[in-house]
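Engineer: I'd like to go over a predicted model; first the sequence, then the structure.
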Amino acid sequence: MDDATELGGHHEISIHTRRGDGSWAAQPLWIVTVDGEAYVRSAFGARSIWYRRVRQGAEVRIEADGEVLSVLLEPVGDREFNQRVSDAYRAKYGPVWPGPVGNLVDAKAGTTTLRIALGTPQSIRRFGVFGAARSPRKHEHRSTASSSGEVDLLIARRVEPGHEAEFERWAHGILSAAAEFPGHLGYGLFRPRKPGEPWYVVHRFLSAEAQESWHRSPERAHWFSRADGHHTEVDRRRLTGLETWFTAPDSFRAPPPRWKMAVTATIGIFPISLFAGMTLQPALAPVPVIARTALIAAVFSLAMTYAVMPVLTRVLRRWLTHGRD
């Protein structure tokens with residue numbers, strides 16, 4: 001994709017900014033075109049994490065329809081031109097999302113207008129909310145794998161028939177707002193498999209403190225004040241540690257008993273430990289002990305999350321779920 005008008009024709013894109021540790025963080029953005037050039041803004045002004053990274057010179061990539069592009073983002077300081085960008089946002093999104101678009105046309109957002117200068121296609125690592133491809137019947141924000149300190153929040157909301165579109169617009173807005181918060185790692189929105197079943201909203205936070213910060217935030221309160229009353233929360237689950245390996249994001253069944261989780265984790269750890277002891281340890285012997293330990297810990301974490309545990313939970317599903325409520 002080398003045409004800004006084509007890029008600006010998308011309803012939504014994702015911006016990927018490189019963190020200080022070298023990993024990538026993704027943020028969904030609305031995009032508009034003015035005079036054949038594509039523009040984006042921060043809905044929450046200059047305090048947005050992704051915008052601060054851009055202004056600090058972080059590497060940036062744009063994703064649209066599965067294509068990932070290296071880009072430069074250039075600030076737009078002309079007040080009169082920024083008004084034209086605001087008009088473009090109103091024209092494109094205002095008829096359907098008049099509330100959320102208001103955040104993108106206020107004075108604070110206007111100061112964050114960025115022109116997208118297209119570069120060349122790139123490929124980046126892509127993970128779903130829980131680190132694996134799932135049903136196509138959902139919207140996902142890219143996320144990292146959950147570790148023991150992270151918190152996954154699963155929320156079920158029942159939507160009155162005929163109000164699904166309004167709920168989806170509301171969910172898009174509140175999830176995008178949450179994604180701006182420090183410590184928010186990713187989200188997912190899962191449509192019901194059958195009519196009458198609840199929708200599922202998934203948040204991932206770096207810590208319990210980050211989750212509590214979002215829960216008490218005025219932004220969250222603002223979005224709930226805009227709820228139209230046609231959808232209600234029917235269940236909620238807060239997962240930490242090993243529970244995130246054993247619970248699907250669109251399931252509110254209780255996780256397996258802790259002893260079964262411990263046995264399964266032990267089965268998974270054994271071959272990795274054997275491999276580390278017989279191969280990694282000798283190969284890394286010249287490496288300083290702290291660096292060596294960190295590398296082996298990273299191998300353990302990645303192997304358990306993305307290779308071993310997904311296989312084990314599938315193979316042992318009957319045993320893990322036997323007798324579970």
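Structural biologist: Happy to help now that I have it.
Engineer: What strand or helix carries Leu312?
Structural biologist: Applying DSSP states H and E as the criterion places Leu312 in helix 309-315.
Engineer: same question but for Arg236, I mixed them up
Structural biologist: strand 231-240.
Engineer: Next: Glu74.
Structural biologist: strand 67-75.
Engineer: chain center to the helix or strand just after that strand, what's the gap?
Structural biologist: Sequence-wise, the next helix or strand downstream of strand 67-75 (DSSP H and E) is helix 79-93. Helix 79-93 has its C-alpha centroid displaced from the chain centroid by 27 Å (C-alpha atoms, centre = their mean, to the nearest Å).
Engineer: Please enumerate the helices of the protein.
Structural biologist: Under the criterion DSSP state H, helices of the chain are mapped to 4-8, 49-55, 79-93, 98-104, 107-110, 164-179, 208-215, 218-225, 243-246, 258-275, 281-283, 289-303, 309-315, 317-321.
Engineer: Turn those into TSV, including mean pLDDT.
Structural biologist: As requested, the helices of the chain are exported to TSV (pLDDT from 0 to 100):
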stretch	mean pLDDT
helix 4-8	81
helix 49-55	87
helix 79-93	93
helix 98-104	82
helix 107-110	89
helix 164-179	86
helix 208-215	85
helix 218-225	82
helix 243-246	44
helix 258-275	78
helix 281-283	84
helix 289-303	81
helix 309-315	72
helix 317-321	67
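Engineer: How about residues contacting stretch 228-236?
Structural biologist: 153-160, 163, 166-167, 170, 198-199, 252 (C-beta atoms under 8 Å, 6 or more residues apart in numbering). Bear in mind the C-beta positions are built from the backbone N, C-alpha and C, glycine included.
Engineer: Could you tell me which of those count as buried?
Structural biologist: With burial judged by 16 or more other C-beta atoms under 10 Å, the buried subset of the contacts of stretch 228-236 is 153-159, 167, 170, 198-199.
Engineer: Including distance to Arg220, could those go into TSV?
Structural biologist: As requested, the buried ones among the contacts of stretch 228-236 are exported to TSV (distance: C-beta to C-beta, whole Å):
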residue	distance to Arg220
Leu153	12
Leu154	16
Ile155	12
Ala156	17
Arg157	14
Arg158	20
Val159	19
Phe167	16
Trp170	12
Pro198	20
Trp199	18
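Engineer: between these, which is closest to Gly183?
Structural biologist: Leu153 (12.2 Å; C-beta to C-beta).
Engineer: I'd guessed that closest one sits against Val202; true?
Structural biologist: Yes. Counting by C-beta atoms under 8 Å, Val202 is a contact partner of Leu153 at 7.1 Å.
Engineer: burial of Ala297, as a residue count?
Structural biologist: Taking other C-beta atoms under 10 Å as the neighbour definition, Ala297 ends up with a count of 11.
Engineer: Tell me how far it lies from Pro271.
Structural biologist: According to C-beta to C-beta, to the nearest Å, Ala297 stands 16 Å off from Pro271.
Engineer: do Arg193 as well
Structural biologist: Counting by C-beta to C-beta, the gap from Arg193 to Pro271 is 35 Å.
Engineer: Also Tyr93?
Structural biologist: 50 Å.
Engineer: on that earlier part again, among the helices of the chain, which is the most enclosed?
Structural biologist: helix 243-246 (a mean of 22; mean count of other C-beta atoms under 10 Å).
Engineer: by contact count, what packs against the strand holding Glu74?
Structural biologist: On a contact count with 3 or more C-beta pairs under 8 Å, 6 or more residues apart in numbering; DSSP states H and E, strand 67-75 meets strand 60-64, strand 114-122.
Engineer: Pull out the buried residues from that strand.
Structural biologist: 68-71, 73.
Engineer: Switch those residues over to JSON lines; also include distance to His231 and pLDDT.
Structural biologist: What follows is the buried residues of strand 67-75, written out as JSON lines (distance: C-beta to C-beta, whole Å; pLDDT from 0 to 100):
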{"residue": "Val68", "distance to His231": "34", "pLDDT": "82"}
{"residue": "Leu69", "distance to His231": "36", "pLDDT": "81"}
{"residue": "Ser70", "distance to His231": "39", "pLDDT": "79"}
{"residue": "Val71", "distance to His231": "36", "pLDDT": "82"}
{"residue": "Leu73", "distance to His231": "35", "pLDDT": "87"}
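Engineer: ok, so of those, who is nearest Arg18?
Structural biologist: Of all the buried residues of strand 67-75, Arg18 sits closest to Ser70, with 11.2 Å by C-beta to C-beta.
Engineer: and the residue nearest the centre of the chain, what are its bridge partners?
Structural biologist: Nearest residue to the geometric centre of the chain (C-alpha atoms, centre = their mean): Gly186, 2.4 Å. Under the criterion DSSP bridges, Gly186 forms beta bridges with Arg204.
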